[in-house]
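>>> 3D, please:
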Amino acid sequence: MKPSAILSAIKRNGKLLPITLVVVLIPCMLIYFSLEVAVTTPNQGVKISGIYGEEIQADDILQIELVKGIPPTKMRTNGYSLGETRIGYFKTTNNGIIKLFLYTSSGPFLKITQKNGCNIYVGYNKKQKTQKTYERVMEAVGKK
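Coordinates of the predicted model:
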């Protein structure tokens, strides 16, 4: 069957739009979620870019540290997980909620503990990038 005949059959059945949306949207979403977040330090706070990003004021941060691992998680509650990439909110095995921006399963990870009880973890593919991000955030915010 020629490609034009297949396209005509799809058009007749009214399924071209849904198929086109799936073929275009899914790859775009995969690319978007695979982009690493940027962690910046405006006004002595911390800003994490991206779909689940947020800006945290220095006064709302209890502690910033570099940790070797993250708490074990049992499920994704709102976010994205594919391979080693985990972005969004995840429930831990002790039923706490943590926010992850991870592109690797091995540490170190930047951990930001907030006064509201939410812990944020950031981990890049390159350990040096995670280390440098930690140093930059510590210099700007200074919470140990």
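>>> buried sites along the top strand by length along the chain?
The longest strand of the chain (DSSP state E) is strand 73-82. By 16 or more other Cβ atoms under 10 Å, the buried positions in strand 73-82 come out as 73, 79, 80, 81. The C-beta positions use only the backbone N, C-alpha and C, and glycine is treated the same way.
>>> please apply the same query to stretch 137-144.
137, 138, 140, 141.
>>> also stretch 37-51?
Buried-residue list, stretch 37-51, by 16+ other Cβ under 10 Å: 37, 39, 41, 45, 46, 48, 50.
>>> among the residues you listed, which ones are in strands?
Per DSSP E, the buried residues of stretch 37-51 map to strands at 39, 46, 48.
>>> closest to residue 63 out of the buried residues of strand 73-82?
residue 73 (20.5 Å; Cβ to Cβ).
>>> the closest one: what's it in contact with?
86, 90, 91, 92, 93, 98, 100 (Cβ atoms under 8 Å, 6 or more residues apart in numbering).
>>> repeat for residue 115
Contacts of residue 115 (Cβ under 8 Å, 6+ apart): 60, 61, 62.
>>> repeat for residue 40
Residue 40 touches 46, 47, 49, counting by Cβ under 8 Å, 6+ apart.
>>> switch the cut-off to 6 Å
residue 47 (Cβ atoms under 6 Å, 6 or more residues apart in numbering).
>>> pLDDT at it, what is it?
Listed pLDDT for residue 40 reads 89.
>>> now it: how far from residue 133?
Applying Cβ to Cβ, to the nearest Å, the value for residue 40 to residue 133 is 10 Å.
>>> can you check residue 60 too?
Distance from residue 60 to residue 133, by Cβ to Cβ: 19 Å.
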